[in-house]
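S.K.: Make a model of this:
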Amino acid sequence: MPAQLKSASQGRTLVLTISNPDHRNALGPEIYAAGVEALNAADSNNDVRSVVITGAGSTFCAGGNLQRLLDNRGKPREVQAQSIDGLHGWIEAIRSFPKPVIAAVEGAAAGAGFSLALACDFIVAANNALFVMAYSSVALSPDGGGTWSLARALPRQLANELLMCGERLGAPRLQALGLVNQVTAPGAALDAALALAERLNERAPNALASIKELMNDADGATLQAQLANERDHFVRNLHHVNGGIGISAFLDKKKPDYS
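M.R.: Take a look at the predicted model:
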């Protein structure tokens, strides 16, 4: 069966499912392109408040297709470079997407699959899920922003252990390290991710978009620049229609209904 990224709506949440059953949901150019296209469409769709990325069956994503990578060794280097650019385009689209993106992980999240999960705003994982930066096990180096994400989330020594030694870590361990938000029973990660998405869907989309943008900018900003950025977002959100809805509902002890 061909690799594809399936798209389905669950209320106000868009669910993107990596489906490549013959290769444990390995990634490829067609999935990258579909991922960017889906997020671009969801960005302008006010009915979509959040996105969940998951894998078909019992595996989240095995990373790259090693047979395809082996075949690419016999092709010009530009072929593999273009493929990685496609992956990186999807990663950048997830990071800049103004709505929350949640990874729902069952089974293995390996290599680029781990990088993909790390690019999401939240990770919900089954307690038997395994995360591994498998690149060094096949004499390769990471892609998909794995080094960027881990360098910012973990101490250097621990990040090096994951990247250089290819250590397999379970979801409970990653939760203890602060990388996984919620651990569920096997088979329940998607339902838990959808429940989290619905909680987020009830909040003001403009406020969540501001928080995501501020978080993305914080790493490279000086305190002075970040304070100015926070001020500008705060003022803009206060004068947004949802600012009035939220404050009035809180004062009246009512549930807000944001636009």
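S.K.: just checking, Ser58 touches Asn128?
M.R.: No. Contact criterion C-beta atoms under 8 Å: Ser58 and Asn128 do not qualify, at 9.4 Å. C-betas here are computed from N, CA, C, even on glycine.
S.K.: tell me, what's touching those two both at once?
M.R.: Common contacts of Ser58 and Asn128 (C-beta atoms under 8 Å, 6 or more residues apart in numbering): Gly107.
S.K.: so where do the strands sit in the protein?
M.R.: Here the chain has its strands, by DSSP state E, at 4-10, 13-19, 50-55, 101-105, 108-110, 122-126, 130-132, 168-170, 182-184.
S.K.: what about the third one, distance to the chain center?
M.R.: The gap between where strand 50-55 is centred and where its chain is centred comes out at 8 Å by C-alpha atoms, centre = their mean, to the nearest Å.
S.K.: For it, which helices and strands make contact with it?
M.R.: Contacts defined by 3 or more C-beta pairs under 8 Å, 6 or more residues apart in numbering; DSSP states H and E place strand 50-55 against strand 13-19, helix 29-43, strand 101-105, helix 112-119, helix 189-201.
S.K.: now do the same end-to-end measure for stretch 21-29.
M.R.: 16 Å (C-alpha to C-alpha, to the nearest Å).
S.K.: Mind putting the strands of the chain into a markdown table with mean neighbour count?
M.R.: Shown next, in a markdown table, are the strands of the chain (neighbours: other C-beta atoms under 10 Å):
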| stretch | mean neighbour count |
| --- | --- |
| strand 4-10 | 14 |
| strand 13-19 | 21 |
| strand 50-55 | 26 |
| strand 101-105 | 28 |
| strand 108-110 | 26 |
| strand 122-126 | 25 |
| strand 130-132 | 22 |
| strand 168-170 | 17 |
| strand 182-184 | 21 |
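S.K.: Distance to Ala176 added to the ones you listed, as JSON lines?
M.R.: Listed next are those as JSON lines, based on distance: least, C-beta to C-beta, whole Å:
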{"stretch": "strand 4-10", "distance to Ala176": "30"}
{"stretch": "strand 13-19", "distance to Ala176": "26"}
{"stretch": "strand 50-55", "distance to Ala176": "23"}
{"stretch": "strand 101-105", "distance to Ala176": "16"}
{"stretch": "strand 108-110", "distance to Ala176": "17"}
{"stretch": "strand 122-126", "distance to Ala176": "12"}
{"stretch": "strand 130-132", "distance to Ala176": "13"}
{"stretch": "strand 168-170", "distance to Ala176": "10"}
{"stretch": "strand 182-184", "distance to Ala176": "10"}
